[in-house]
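[1] quick one, structure for this:
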Amino acid sequence: LWYSFGVVLTQLVQDHCRFETIAATGDANAVPQCDDIVLRKYWSSIFESMLTLFMSISGGLSWSEAMDPLKKFSLVAVACMVFYVLITVFAVLNVVTGVFCNTAIESAHSDRDIRAIEQLNKQTALVRSLKDLFQEIDHDNSNLVSIDEFKAAVATPKMSSFLESMGISTHDVWTLFTIIDADASGLIDLDEFVQGCMELHGPAKSFHLSKMSYENKITRQAIKKLVRETSDVKKQLALALPALQQTQSNAPTK
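    Numbers count the residues shown, from 1 in each chain. Just a heads-up that it's a prediction; the model follows:
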């Protein structure tokens, strides 16, 4: 593109210079010479023309400044210059910008996919570590851990450090055991241990709190409904009580 427009504009300038030289000397074979210094600076050769065209779209030179000497002798040259700017700025450069933006978007998507895979691998490794830890706590291989076994395990540096690294406080062992013991059986099995620790770990806390908030909301609504129903029953009993008393008073006595 640069070469094609450079050749056309250089040829137009050379023809103009040739006509000026012939008009000045009367010699049709005279070497073309231009008195316009700016014209010679920007359009004297194909290389200079290509450099001028490149600078016009890259910020090194104002394209209107490069076009000013062309206005003096050729509307065709001006039209070529304007057409070149339109093509490069609004077509080629936009396409190049679009390619870079698309590449950046795809790279961002790829980074998110990689982070998702890494997070999944971390969770898988964490679950595996929790299962191994449960096997160490379960000394009698019953697949159940009592409060005594749990207290003894938390007292060890390995267990306490591991739970603390997950953001799980080990200061109140009884409360921790109660939270993990989902079915309130007094014993923790493997699934309860893994699920409980994962819920208390990291971002899952927010989800767990939201879940508890939702469950509390449902419970409050159920309690309000029960209170309304109880109040309605109380009102109905209050209305029915006088009639019942009247019936009892009118009943024949034996």
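
[2] show the pLDDT at the closest residue to residue 71 other than its chain neighbours.
    Excluding the flanking residues, the one nearest residue 71 by CB to CB, 6 or more residues apart in numbering is residue 78, at 5.6 Å. Using the backbone N, CA and C atoms, a C-beta is placed for each residue, glycine as well. Residue 78 is assigned 87 on the pLDDT scale.

[3] residues contacting residue 78?
    Contacts for residue 78 (CB atoms under 8 Å, 6 or more residues apart in numbering) come out as 67, 70-71.

[4] quickly find the element holding it.
    helix 75-87 (DSSP states H and E).

[5] export that helix to PDB, keeping only CA atoms.
    C-alpha atoms of helix 75-87 as PDB (Å, rounded to 0.1, in the frame of the first residue of the first chain):
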ATOM      1  CA  LEU A  75      -5.800  17.900  -7.300                       C
ATOM      2  CA  VAL A  76      -5.200  14.300  -8.300                       C
ATOM      3  CA  ALA A  77      -2.200  14.200  -5.900                       C
ATOM      4  CA  VAL A  78      -4.400  15.700  -3.200                       C
ATOM      5  CA  ALA A  79      -7.100  13.100  -3.800                       C
ATOM      6  CA  CYS A  80      -4.500  10.300  -3.700                       C
ATOM      7  CA  MET A  81      -3.200  11.600  -0.400                       C
ATOM      8  CA  VAL A  82      -6.700  11.900   1.200                       C
ATOM      9  CA  PHE A  83      -7.700   8.500  -0.100                       C
ATOM     10  CA  TYR A  84      -4.500   7.000   1.300                       C
ATOM     11  CA  VAL A  85      -5.200   8.500   4.800                       C
ATOM     12  CA  LEU A  86      -8.800   7.200   4.600                       C
ATOM     13  CA  ILE A  87      -7.700   3.700   3.800                       C
END
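
[6] go through the contacts of residue 78 and name the one nearest residue 88.
    residue 67 (13.9 Å; CB to CB).

[7] what's the burial count for that closest one?
    20 (other CB atoms under 10 Å).

[8] wait, doesn't it sit right on residue 80?
    No. Applying CB atoms under 8 Å as the test, residue 67 and residue 80 come out as separate, 9.7 Å apart.

[9] quick check: phi and psi at the residue most central in space within the chain.
    By CA atoms, centre = their mean, the chain has its centre lying nearest to residue 112, at 7.4 Å. Main-chain torsions, residue 112, degrees, to the nearest 10: phi -60, psi -40.

[10] how close does it get to residue 152?
    43 Å (CB to CB, to the nearest Å).

[11] quick check: residue 153 touching residue 137?
    Yes. Between residue 153 and residue 137 there is a contact under CB under 8 Å: 4.3 Å.

[12] these two: which is more packed in?
    residue 153 (22 against 17).

[13] between residue 153 and residue 137, what contacts are shared?
    Common contacts of residue 153 and residue 137 (CB under 8 Å, 6+ apart): 145, 159.

[14] pLDDT below threshold where in the stretch 151-254 of the chain?
    Within the stretch 151-254 of the chain, the segments meeting pLDDT under 70 span 202-211, 214, 244-254.

[15] all strands of it, in order?
    188-189 (DSSP state E, counting those that start in this stretch).

[16] that one: helices as residue ranges?
    For the stretch 151-254 of the chain, applying DSSP state H, counting those that start in this stretch gives helices covering 157-165, 173-180, 190-200, 204-250.

[17] next, format these as CSV and append distance to residue 36 and mean neighbour count.
    Converted to CSV, the helices of the stretch 151-254 of the chain look like this (distance: least, CB to CB, whole Å; neighbours: other CB atoms under 10 Å):
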stretch, distance to residue 36, mean neighbour count
helix 157-165, 78, 14
helix 173-180, 88, 16
helix 190-200, 80, 18
helix 204-250, 73, 10
